[in-house]
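Enquirer: sequence and predicted structure are below.
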2 protein chains.
Amino acid sequence: MLKCFCGKESYIKVTYPKVKYLCKEHFIEYFENRVKRSIEKFKMLSKDEKILVPISGGKDSHAAAYILKKLGYDIELFHINLGISNFSEISLEKVKELSNFINAKLHIVNLKEITGKTIEDVKGKKCSICGITKRYLMNKFGYEHGFDTIVTGHNMDDELSFMLNNLLGWNIRYLAKHLPVLPAHDKFLKKVKIFYEIEEKYIKAYADALNIPYTTVKCKYAKKAITIRHREYLNKLEEEKPGIKYHFLYGYLKNRELFEVEKDFKFRECEICGMTSASKICSFCRVWRR
Amino acid sequence: MLKCFCGKESYIKVTYPKVKYLCKEHFIEYFENRVKRSIEKFKMLSKDEKILVPISGGKDSHAAAYILKKLGYDIELFHINLGISNFSEISLEKVKELSNFINAKLHIVNLKEITGKTIEDVKGKKCSICGITKRYLMNKFGYEHGFDTIVTGHNMDDELSFMLNNLLGWNIRYLAKHLPVLPAHDKFLKKVKIFYEIEEKYIKAYADALNIPYTTVKCKYAKKAITIRHREYLNKLEEEKPGIKYHFLYGYLKNRELFEVEKDFKFRECEICGMTSASKICSFCRVWRR
């Protein structure tokens, strides 16, 4: 039996920055220290900020909310009911459980009440529309209710698979944005990814170690996303060459100024909703209000 | 039975720029037209240049030599015997066959005669050393024998897998160099990749259609290269999303100035051999003469 340095049974093997076996308690400590280090290193958050944590029902956002609460940040939770059958009902149940579990206030909005439609009803690329919708609604809610910052559960694997996708397609504008902190501007709140340096598998292990409530039910539309392929491929490479994902991430951070092509870009207000937009009508209003 | 537009039996399905089935004769015409178009588009070659074509024994370099000869370019062949057992002997036989087949002069050099060692004898990363060695010896031979240009058989899959590898590792200096034509400077000859826009599978089909002699024996060291994984992955993506590889290539060409960080870099002469070098001692002399 593999053992932790303390002598107890090992719960998990961690590989970065060096290989070691850890028991449940020491893994929780390791995980929380890594997140604390990211928060300090990237100057992500301070204790006097009012933080909105959008939660989906899944492990990443739930672990983010849990750890922020544990570390003493001032957080409230936000959930969007997207109206996806066999998914939204279960998600809703889990976000309520989490809210009780960590004793944090939960705000729920319903897409159908806002737009008259669900994600199921809308035509076009579901994943792309869902992303636009979530980003818009969480920002609008946070902006209108006096929050300073939005913290999402995006993990390192999310970032890297999107980064690879944007490199394969040479989406230069998006390549500038794979950052742990996006500062506030106009009506956009500051956005922070506290799990920027954390692999997905460790977040799952952390949530499980602490019995944080979450659902593993996947959205039926997500299967088709090519970024899932990229994620699997990067994990295969990581197995063969440990450290390759971290190298990719930190190399990006070192070289990201290569992609800063739109420094002087001027945002405006959407003619329909008045929120900050890159064009006359914002993406949300283009999808839902035209 | 699938048929070519001429009514004959189909030899191959081509997918770019659009899907069609072609008989052997029309595939040969299609292939040669695409190579001719690359040569014109990137101003690769002119008929009055003296061209050295390094050939390895494999399909890519052999097809490159064949098509250049057929299109009326002034070419001579160059082969390096690397001294790799079960590989170099077979390769040597095939390059001699090709030389007879296309009636082109063949120059052969033997690594062991030059350095006292073979690739088998040298310590370190074989693939990297082999690359350094081949690039150095072909350039030196071409330079000393009055050639203007070196044409290699590197294909689109080679370029893309190396490009992906350099992106994952953020090797900015190398990322500037994935070009179809590298102009001559100092004692470096002009280098041209005539198959820059051609997928490997089509080169194989072309060589087979014309019975061009080549060997399929692979170097035993090549298996470990991570770029082979990248190549397989990119091909898997291409099957799912046809055009993704072309998009990646042309996106690179459109955005490559992002990586031009060393415009003013000054080259010098290697203190041992006198050839152009980035540092005091060139990579070849560092491997073989120290």
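Expert: That came through, no problem.

Enquirer: who in the stretch 51-200 of chain A is up against chain B?
Expert: For the stretch 51-200 of chain A, the contact set with chain B under CB under 8 Å from any CB of the partner chain comprises A:167-170, A:172. Yep, even glycine has a C-beta here, placed from its N, CA and C like the rest.

Enquirer: most widely separated two among these?
Expert: A:Leu168 and A:Ile172 (12.6 Å; CB to CB).

Enquirer: okay, those two: which has more neighbours?
Expert: It is A:Leu168, of A:Leu168 and A:Ile172, that has more neighbours when counted by other CB atoms under 10 Å in any protein chain shown, with 23 against 18.

Enquirer: my guess is that one meets B:His247, correct?
Expert: Yes. If you go by CB atoms under 8 Å, A:Leu168 and B:His247 touch, sitting 7.5 Å apart.

Enquirer: count the residues that sit near the residue nearest to A:Ser85 when sequence neighbours are not counted.
Expert: Nearest residue to A:Ser85 in three dimensions, chain neighbours excluded: A:Glu120, at 6.8 Å (CB to CB, 6 or more residues apart in numbering or on different chains). By other CB under 10 Å, 15 other residues sit near A:Glu120.

Enquirer: pull the contacting residues for the residue of the stretch 51-200 of chain A found nearest chain B.
Expert: Per CB to the nearest CB, A:Trp170 is where the stretch 51-200 of chain A lies closest to chain B, at 3.1 Å. By CB atoms under 8 Å, 6 or more residues apart in numbering or on different chains, the contact set of A:Trp170 is B:247-248, B:251-252, B:254-255.

Enquirer: try it again with 6 Å
Expert: B:251, B:255 (CB atoms under 6 Å, 6 or more residues apart in numbering or on different chains).

Enquirer: and it, helix, strand or coil?
Expert: coil (DSSP: H, G, I helix; E, B strand; the rest coil).

Enquirer: helices along the stretch 51-200 of chain A, start to end?
Expert: For the stretch 51-200 of chain A, applying DSSP state H, counting those that start in this stretch gives helices covering A:59-70, A:88-102, A:111-115, A:126-144, A:156-168, A:172-175, A:200-209.

Enquirer: could you say which of those is packed most deeply?
Expert: A comparison of these by mean neighbour count, using mean count of other CB atoms under 10 Å in any protein chain shown, puts helix A:59-70 on top with a mean of 24.

Enquirer: how far off helix A:156-168 does it point, in degrees?
Expert: 130 degrees (axes from the mean of the first three to the mean of the last three CA atoms, to 10 degrees).

Enquirer: from A:Ala222, how far out is the nearest residue to A:Trp288 once chain neighbours are set aside?
Expert: The shortest distance from A:Trp288 to any non-neighbouring residue, by CB to CB, 6+ apart, is to A:Thr115 (4.3 Å). Separation of A:Thr115 from A:Ala222 (CB to CB, to the nearest Å): 21 Å.

Enquirer: check A:His247 too.
Expert: For A:His247, the distance to A:Ala222 - CB to CB - is 27 Å.

Enquirer: closest to B:Glu93 out of the helices of the stretch 51-200 of chain A?
Expert: Closest among these, using CB to CB: helix A:156-168, at 39.9 Å.

Enquirer: any idea how far that closest one is from the chain center?
Expert: 13 Å (CA atoms, centre = their mean, to the nearest Å).

Enquirer: now the lowest-mean-pLDDT helix or strand in chain A: how far from the chain's centre is it?
Expert: Lowest by mean pLDDT, DSSP states H and E among the helices and strands of chain A is helix A:172-175, with a mean of 89. Put simply, helix A:172-175 sits 18 Å off its chain's centre (CA atoms, centre = their mean).

Enquirer: wait, A:Lys126 sits on A:Ala222?
Expert: No. Contact criterion CB atoms under 6 Å: A:Lys126 and A:Ala222 do not qualify, at 8.7 Å.

Enquirer: joint contacts of those two?
Expert: Joint contacts of A:Lys126 and A:Ala222 (CB under 6 Å, 6+ apart) do not exist.

Enquirer: wait, A:Ile244 touches A:Leu237, no?
Expert: Yes. If you go by CB under 6 Å, A:Ile244 and A:Leu237 touch, sitting 5.1 Å apart.

Enquirer: contacting residues around A:Ser155?
Expert: Wrong residue type there; residue A:155 is Asn, not Ser. Contacts of A:Asn155 by CB under 6 Å, 6+ apart are A:60, A:195, A:198, A:200, A:203.

Enquirer: quick check: bridge partners of it?
Expert: For A:Asn155, the beta-bridge partners under DSSP bridges are A:Phe195.

Enquirer: same thing with A:Pro54?
Expert: With DSSP bridges as the rule, A:Pro54 is bridged to A:Phe78.

Enquirer: if I read this right, it contacts A:Tyr136, doesn't it?
Expert: No. With contacts counted by CB under 6 Å, A:Pro54 stays clear of A:Tyr136, the gap being 11.4 Å.

Enquirer: helix or strand: which one has A:Ile39?
Expert: helix A:24-41 (DSSP states H and E).

Enquirer: where does chain A dip in pLDDT?
Expert: Along chain A, segments meeting pLDDT under 70 span A:261-262.

Enquirer: let's see 80
Expert: A:1, A:222-225, A:260-264, A:290 (pLDDT under 80).

Enquirer: nearest the geometric middle of it, what residue?
Expert: In chain A, the residue lying closest to the centroid (CA atoms, centre = their mean) is A:His154, at 2.4 Å.

Enquirer: and that residue, what is it in contact with?
Expert: A:Lys193.

Enquirer: report the angle between the helix holding A:Ile39 and helix A:59-70.
Expert: Going by the same axes, to 10 degrees, helix A:24-41 makes 80 degrees with helix A:59-70.

Enquirer: return the set of buried residues in helix A:24-41.
Expert: Within helix A:24-41, the residues scored as buried using 16 or more other CB atoms under 10 Å in any protein chain shown are A:24, A:26-28, A:30-31, A:34-35, A:38-39.

Enquirer: can those go into JSON lines with extra columns for distance to B:Tyr214?
Expert: Shown next, in JSON lines, are the buried residues of helix A:24-41 (distance: CB to CB, whole Å):
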{"residue": "A:Lys24", "distance to B:Tyr214": "58"}
{"residue": "A:His26", "distance to B:Tyr214": "57"}
{"residue": "A:Phe27", "distance to B:Tyr214": "54"}
{"residue": "A:Ile28", "distance to B:Tyr214": "59"}
{"residue": "A:Tyr30", "distance to B:Tyr214": "54"}
{"residue": "A:Phe31", "distance to B:Tyr214": "54"}
{"residue": "A:Arg34", "distance to B:Tyr214": "52"}
{"residue": "A:Val35", "distance to B:Tyr214": "55"}
{"residue": "A:Ser38", "distance to B:Tyr214": "52"}
{"residue": "A:Ile39", "distance to B:Tyr214": "58"}
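
Enquirer: now flag whichever of these is closest to B:His185.
Expert: Closest to B:His185, out of all of those and judged by CB to CB, is A:Ser38, at 44.6 Å.

Enquirer: confirm for me that that closest one is in contact with A:Phe195.
Expert: No. Using CB under 6 Å, A:Ser38 makes no contact with A:Phe195, being 7.8 Å away.

Enquirer: for A:Glu144, see how far away the residue lying closest to A:Ser99 once chain neighbours are set aside is.
Expert: Closest residue in space to A:Ser99, ignoring its immediate chain neighbours: A:Leu106 at 3.8 Å, by CB to CB, 6+ apart. Between A:Leu106 and A:Glu144 the computed distance is 17 Å (CB to CB).

Enquirer: who's in contact with A:Thr227?
Expert: A:161-162, A:165.

Enquirer: please, which helix or strand holds it?
Expert: Short version, using DSSP H and E: A:Thr227 is in helix A:226-240.

Enquirer: mind listing what's buried along that helix?
Expert: Those would be A:226-227, A:229-231, A:233-235, A:237-238, for helix A:226-240 by 16+ other CB under 10 Å.

Enquirer: what is the subsequent helix or strand relative to it?
Expert: helix A:244-255.
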